[in-house]
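> Okay, here's the prediction I keep looking at, along with the sequence it came from:
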Amino acid sequence: MAAHKLIIRAHALQRMFERNIFVEDVRGVVDAGEIIKAYPDDTPYPSRLLLGWSGVRPLHVVAADNPANSETIVITAYEPDPSQWESDFKRRRT
């Protein structure tokens, strides 16, 4: 879902800074990434885990939509660890 407004929570912004992830990267994942897991029971808004790419770098973004305000709230963003995720970064290793 392309959001009218992207809200990045303080926690997400801090983690993005620590992980060298840029707002443009997160916007790209939110706008064009693939939903790999949905969390419909999250509150106050349902959220989802998205997979996208910044060049060759895979990125996961957890985001929730607040349709009443036409905004997407970024909860966190990170580069998935290849030792914990399958090679497509869509499923955790068992």
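Everything's here; your move.
> where are the low-confidence patches of the chain?
For the chain, the stretches flagged by pLDDT under 70 are 1-3.
> So which residues of it form strands?
Using DSSP state E, the strands found in the chain span residues 5-8, 34-39, 47-54, 57-66, 71-78.
> mind putting those strands in CSV, distance to residue 22 included?
Any C-beta I mention is one placed from the backbone N, CA and C, and that applies to glycine too. Listed next are the strands of the chain as CSV, based on distance: least, CB to CB, whole Å:
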stretch, distance to residue 22
strand 5-8, 11
strand 34-39, 20
strand 47-54, 8
strand 57-66, 10
strand 71-78, 10
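> Let's have those in TSV, adding distance to residue 94 and mean neighbour count.
Formatted as TSV, the strands of the chain follow (distance: least, CB to CB, whole Å; neighbours: other CB atoms under 10 Å):
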stretch	distance to residue 94	mean neighbour count
strand 5-8	32	15
strand 34-39	15	14
strand 47-54	17	19
strand 57-66	18	19
strand 71-78	20	21
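> closest one to residue 90 among those strands?
strand 34-39 (4.7 Å; CB to CB).
> who does that closest one touch, helix- and strand-wise?
On a contact count with 3 or more CB pairs under 8 Å, 6 or more residues apart in numbering; DSSP states H and E, strand 34-39 meets strand 47-54.
> One more pass at 10 Å, please.
Helices and strands touching strand 34-39, by 3 or more CB pairs under 10 Å, 6 or more residues apart in numbering; DSSP states H and E, are strand 47-54, strand 57-66.
> between those, which gets nearest to residue 16?
Closest approach to residue 16 among these is made by strand 57-66 (9.6 Å; CB to CB).
> Can you list the strands that the closest one pairs with?
Strand 57-66 has the following strand partners under DSSP bridges: strand 47-54 (antiparallel), strand 71-78 (antiparallel).
> Any chance of the helices and strands packed on strand 34-39 in a markdown table with distance to residue 82 as columns?
Formatted as a markdown table, those follow (distance: least, CB to CB, whole Å):
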| stretch | distance to residue 82 |
| --- | --- |
| strand 47-54 | 13 |
| strand 57-66 | 9 |
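> wait, which of the ones you listed is closest to residue 74?
Per CB to CB, nearest to residue 74 of these: strand 57-66, 5.2 Å.
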